[in-house]
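J.: Output the structure for:
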Amino acid sequence: MTGKVITASGVKPTVKVIWPRDNFWIYGAIEPLTGDHFLYEYPKLDGECFQQFLDWLSQQLGSDYAILQVDQAPAHTSSAICWPENIIPLFQPPSAPELNPIERLWQLLKKPLKNQLFSSLQALRERIQEIFDQLTFEQVISVSSYNFILEALFYAASHEIGIIPGMAVAQTATSNSNEIAINSNNLPSNSTSVNYFQPFNLVTFAYQGGLKQHGIPSGETLVFETQNKKLIAEDLVKAAVNAHKLPSQVLNDQNYLSAVNLQLNALPDYAAAD
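T.: Have a look, this model is predicted:
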């Protein structure tokens, strides 16, 4: 990848280039609220590879559901695509990549690669793996978790889709001889499990009254008690465990508790948009 370089006034910058080019493609899905990310390398951007990615992502989700935002590339809209039951497609308007939150993640991940040359695709993969090993949930959240996206997800979960134990994610694919890839086997080991309520869905479930029988208020009362620190993430998770919506070990998962706390703190903004 080429990028800007600083030179003296009047001096034209020069960089080394390798004319033979080769490439691979990355398919990715992220959850803006928690920073969870699912990335996989494929040799092409076409319907066949996209179908393989959907099938793989469906397996990663398990019993969860995902709203998958995609552009209208032919590979995404082909009538031959068989959408898994737990993935709901959401097609963004044409020529509007800025609406997809994963685009900012691509920009972040490409920065360390600018003006670098690689003797082979394997050398590139090894460099990329180093970058992905350092990627944190907080970084993904910081570049993708915009208010207008969070409000849209909350509205969808509350009104259009109903309670679904799943993830709201955004997806795209990118290709260049010097772009990025990650194998599914290298996903962060501390990633929140997708086999039970994600934090966003848990807060939405509580807001709609799903935990009232276990001492958690709903609607505006939930917002009020959250704002006044009368209810914290641990209270919500304990109630969900008692309601058999979460396994008991989640009470010791600090990443999960932190994500629930983050979304409880943002609940007043979501409710106001509602």
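J.: separation between A233 and A206?
T.: Applying CB to CB, to the nearest Å, the value for A233 to A206 is 11 Å. In short, each C-beta sits where N, CA and C put it, glycine included.
J.: So for the two, which sits in the more crowded spot?
T.: Per other CB atoms under 10 Å, whichever of A233 and A206 has more neighbours is A206, with 28 against 21.
J.: Model confidence score at the more buried one, please.
T.: With respect to pLDDT, A206 has a value of 88.
J.: is it true that it lies in a helix?
T.: Yes. Assessed with DSSP: H, G, I helix; E, B strand; the rest coil, A206 lies in a helix.
J.: Can you tell me how far V237 is from V250?
T.: Going from V237 to V250 by CB to CB gives 6 Å.
J.: likewise Q92?
T.: 33 Å.
J.: Which one of the two is surrounded by more residues?
T.: For Q92 versus V250, the count of surrounding residues by other CB under 10 Å is larger for V250: 22 against 17.
J.: The more buried one in helix, strand or coil?
T.: The three-state label given to V250 by three-state DSSP is helix.
J.: picking that back up, spit out the residues that contact V237 and V250 alike.
T.: Listed as contacting both V237 and V250 by CB atoms under 8 Å, 6 or more residues apart in numbering are 256-257.
J.: Not counting residues beside it along the chain, what's closest to F38?
T.: In space, and not counting its chain neighbours, F38 is closest to A29: 4.6 Å by CB to CB, 6 or more residues apart in numbering.
J.: by contact count, what packs against the helix or strand harbouring that neighbour?
T.: If you go by DSSP states H and E, A29 is part of strand 24-30. Counting contacts by 3 or more CB pairs under 8 Å, 6 or more residues apart in numbering; DSSP states H and E, strand 24-30 packs against strand 37-42, helix 47-61, helix 102-110, strand 167-176.
J.: can you give me phi and psi for the closest residue to D55 other than its chain neighbours?
T.: In space, and not counting its chain neighbours, D55 is closest to P84: 6.6 Å by CB to CB, 6+ apart. Main-chain dihedrals, P84, degrees, to the nearest 10: phi -60, psi 150.
J.: Isn't P84 up against L54?
T.: Yes. Here P84 reaches L54: they are 5.8 Å apart, a contact under CB atoms under 8 Å.
J.: okay, those two: which has more neighbours?
T.: A side-by-side neighbour count of P84 and L54, using other CB under 10 Å, places L54 first with 22 against 17.
J.: can you pull the contacts of that one?
T.: L54 makes contact with 68, 81-84, 87 under the criterion CB under 8 Å, 6+ apart.
J.: Work out which residue lies at the spatial centre of this protein.
T.: Centrality entry for the chain: nearest residue to the mean C-alpha point is I30, 1.5 Å, by CA atoms, centre = their mean.
J.: is it true that it touches W106?
T.: No. The criterion here is CB under 8 Å, and I30 misses it with W106 at 10.3 Å.
J.: ok so, going back, show me what contacts the residue nearest to D55?
T.: P84 is in contact with 54-55, 57-58, counting by CB under 8 Å, 6+ apart.
J.: Put the buried members of those residues into a ChimeraX selection.
T.: Burial among the contacts of P84 is assessed by 16 or more other CB atoms under 10 Å; the matching ChimeraX selection reads:
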select :54,57,58
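J.: could you point out the longest helix in the protein?
T.: helix 254-273 (DSSP state H).
J.: how much distance is there from that helix to the middle of the chain?
T.: Counting by CA atoms, centre = their mean, to the nearest Å, helix 254-273 is centred 16 Å from the centre of its parent chain.
J.: Of all the residues in that helix, which ones are buried?
T.: Buried residues in helix 254-273 (16+ other CB under 10 Å): 255-257, 259-264, 266-267, 270-271.
J.: cool, and stretch 217-235?
T.: Within stretch 217-235, the residues that qualify as buried are 217, 222-223, 225-226, 231, 233, 235, counting by 16+ other CB under 10 Å.
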